[in-house]
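[1] Can you look at this prediction? I've put the sequence above it.
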Amino acid sequence: MNRIWTLVLAIAIVAVPAVRAQSNPFSDDARQTYALIKDSLLKAADKMPAESYSFRTVPQVRTFGEMIAHIADAHVRMCGVVRGEQVGNISTGKTSKAELVAVLKASFEACDPVYEHMTDAVGAGKVKWARWEMSKLGLLNWNISHDNEMYGIIGAFLRIKGIVPPSSEGRP
């Protein structure tokens, strides 16, 4: 009988941490993908020369700097909604590379704790975003999706300027 209890205890010791580690698979995925796009966006903002922050491909498209500002403003608004706060734009009046890189970093600093502390249970809570009601985790995933969309455009801006986007570095 002691062997059975020893076996049950051994299985429990191994299984409990594994179950606990898997208890937030959706928010864990969001954290992982957020970290990837965060790194790419920060590197892209840094790689573009200061004089090219005013570059735009055609008159109807934002400048590179306006793209960085748009990303930062979207971050603070979306993460603010998840925190239950109404947050305004943080990029207003910022046009230089130094200002916009600082604003982008600040926007990630505003979102980092939101992603870091998110759980699947908390993420299931509902928030209002624009005209829709969605889960907190859904809005955080929307933020990631928006970042990826903007990074695709930024990558094209970098390529036009002869700069390899960070996510493509090291490829042949």
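    Right, received. Where do you want to start?

[2] would you list every one of the strands in this structure?
    With DSSP state E, the ranges of strands along the chain come out as 126-129, 132-135.

[3] For the nearest residue to residue 157 once chain neighbours are set aside, give its distance to residue 118.
    The shortest distance from residue 157 to any non-neighbouring residue, by CB to CB, 6 or more residues apart in numbering, is to residue 64 (5.0 Å). For glycine as for every other residue, the C-beta is placed from the backbone atoms N, C-alpha and C. Residue 64 is 30 Å from residue 118, where distance means CB to CB, to the nearest Å.

[4] ok, now which ones touch the nearest residue to residue 63 once chain neighbours are set aside?
    Using CB to CB, 6+ apart and skipping residues adjacent in sequence, the residue nearest residue 63 is residue 56, 4.5 Å away. By CB atoms under 8 Å, 6 or more residues apart in numbering, the contact list for residue 56 reads 62-64, 66.

[5] Which strands and helices lie in contact with the longest helix along the chain?
    Determined from DSSP state H, the single longest helix within the chain is helix 136-160. Here helix 136-160 touches helix 25-47, helix 64-83, helix 97-117, helix 120-123, strand 126-129, going by 3 or more CB pairs under 8 Å, 6 or more residues apart in numbering; DSSP states H and E.

[6] so which of the ones you listed gets nearest residue 137?
    Set against residue 137 and scored by CB to CB, those come closest in helix 120-123, at 3.0 Å.

[7] quick one: low-confidence parts of this structure?
    In the predicted model of the chain, residues 1-22, 171-172 satisfy pLDDT under 70.

[8] Go ahead and flag the most central residue of it.
    Among the residues of the chain, residue 34 comes closest to the average C-alpha position under CA atoms, centre = their mean, at 3.7 Å.
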